[in-house]
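In: pasting the sequence and the predicted model now:
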Amino acid sequence: MPDSASIYLRVIDASANRAREALRVIEDFVRFIHDDAFLAENFKTLRHRLALNILKFPLDQRLTFRETLSDVGTQITTRSEFQRSSLQAVLNANFSRLQESLRSLEEFSKLTQPEAAHEFEQMRYAAYTLQRAVFFTFSADSANHRKLRRAAGGKLIPQNKNNWRIAEISVTSDWDQAKNGDADAFLITPDSAETVRFVRNWLGLEILIGVWVQSQEEASQKLLEGIDFLAGPKELLTLLENRTVIPFFEI
């Protein structure tokens, strides 16, 4: 059996490589396929954060113990590893690869680099948050989501105090209407007590969730909470233009 140093550094090296590779795939997806500058920037930041913490394990030492040719795992494959049925499948596989690799980095770093272990833990949590944002921004493909994308850049047309329309979609900020299924979307307004988490837990995935935002910083935060659309003043739309592909509606 190899000595403990070689086992430890081989795991660090392999997990670091897997995490970087997975991050690159996801970053390429949000950057080149969906042209989302906001999420691409978040993944690029995460990738650089990963690189900085991997540097705590010197490359010359990791290369010394790298044994790709004798790695028993390189000969163990499954048919599913070479099949991807959709872009969603590509994303799912690489998010899983990223999160599992970060967990391995976290656990083995505890042996000599506890500060790095904490950083890898935080990166794993960040990956979970970003996965949710990607899912709600790109992956849901219901009829209402398609209508939202077609209507992107439009206006919320007021019907009465608590109700609006976006093209063919009815939007409400009235909780009872949303629970009774009388609207396609629920808009969380500035004076609302509901949070994205609360609304999603109670109403599920069938209803669209939007948030009324009043600043670019607030918009960026809400994008990471797994929402379906944003609403805000026209001047904010200009600031967010070309930053994200999530629909934004003028109010």
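Out: Cool, got the structure. Not measured: the values here are computed from a predicted model. Numbering: from 1, shown residues only.

In: so residue 232 bridges to which residues?
Out: Residue 232 forms beta bridges with residue 250, as assigned by DSSP bridges.

In: please apply the same query to residue 188.
Out: Those that pair with residue 188 in a beta bridge, by DSSP bridges, are residue 211.

In: mind starting the numbering at 602 from now?
Out: All set: I'll call the first residue 602, so the last point we hit is now residue 789.

In: so what's it up against?
Out: 774, 795, 796, 797, 800, 810, 811, 812, 813 (CB atoms under 8 Å, 6 or more residues apart in numbering). Where you see a C-beta, it was placed from the backbone N, CA and C, and this is true even at glycine.

In: who wins for neighbours among those?
Out: Sorting these by how many neighbours each has (other CB atoms under 10 Å) puts residue 811 first, at 29 neighbours.

In: residue 752 versus that residue, what's the distance?
Out: The span separating residue 811 from residue 752 equals 12 Å under the rule CB to CB, to the nearest Å.

In: check residue 769 too.
Out: Taking CB to CB, one finds residue 769 at 8 Å from residue 752.

In: one step back: now the contacts of residue 789 as JSON lines including pLDDT and distance to residue 780?
Out: Conversion of the contacts of residue 789 to JSON lines gives the following (pLDDT from 0 to 100; distance: CB to CB, whole Å):
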{"residue": "774", "pLDDT": "97", "distance to residue 780": "13"}
{"residue": "795", "pLDDT": "91", "distance to residue 780": "11"}
{"residue": "796", "pLDDT": "93", "distance to residue 780": "16"}
{"residue": "797", "pLDDT": "94", "distance to residue 780": "16"}
{"residue": "800", "pLDDT": "95", "distance to residue 780": "10"}
{"residue": "810", "pLDDT": "96", "distance to residue 780": "13"}
{"residue": "811", "pLDDT": "96", "distance to residue 780": "17"}
{"residue": "812", "pLDDT": "97", "distance to residue 780": "18"}
{"residue": "813", "pLDDT": "96", "distance to residue 780": "19"}
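
In: okay, the residues you listed in a markdown table with distance to residue 664 next?
Out: What follows is the contacts of residue 789, written out as a markdown table (distance: CB to CB, whole Å):
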| residue | distance to residue 664 |
| --- | --- |
| 774 | 58 |
| 795 | 53 |
| 796 | 48 |
| 797 | 45 |
| 800 | 50 |
| 810 | 48 |
| 811 | 50 |
| 812 | 47 |
| 813 | 52 |
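
In: about what we covered before: so what sits against both of residue 811 and residue 752?
Out: Common contacts of residue 811 and residue 752, defined by CB under 8 Å, 6+ apart, comprise residue 850.

In: disregarding residues adjacent in the polypeptide, which is nearest to residue 783?
Out: Of all residues beyond its chain neighbours, the one nearest residue 783 is residue 773 (7.0 Å), with distances taken as CB to CB, 6 or more residues apart in numbering.

In: hang on, isn't the one you found packed against residue 786?
Out: Yes. Residue 773 is within contact range of residue 786, at 7.4 Å (criterion: CB atoms under 8 Å).

In: more crowded one of these two?
Out: Neighbour comparison, residue 773 and residue 786: the larger count goes to residue 786, with 25 against 21 (by other CB under 10 Å).

In: report pLDDT for the nearest residue to the more buried one once chain neighbours are set aside.
Out: Computed as CB to CB, 6+ apart, the closest residue to residue 786 that is not its neighbour in sequence is residue 809, at 3.8 Å. On pLDDT, residue 809 comes in at 94.

In: neighbours of residue 809, how many?
Out: Applying other CB under 10 Å, we find 25 other residues in the vicinity of residue 809.

In: what distance do you get for it to residue 834?
Out: If you go by CB to CB, the gap between residue 809 and residue 834 works out to 21 Å.

In: what sits closest to residue 847 if chain neighbours are left out?
Out: Excluding its sequence neighbours, the residue lying closest to residue 847 (CB to CB, 6+ apart) is residue 738, at 5.0 Å.

In: quick one: pLDDT of the one you found?
Out: We have a pLDDT of 85 for residue 738.
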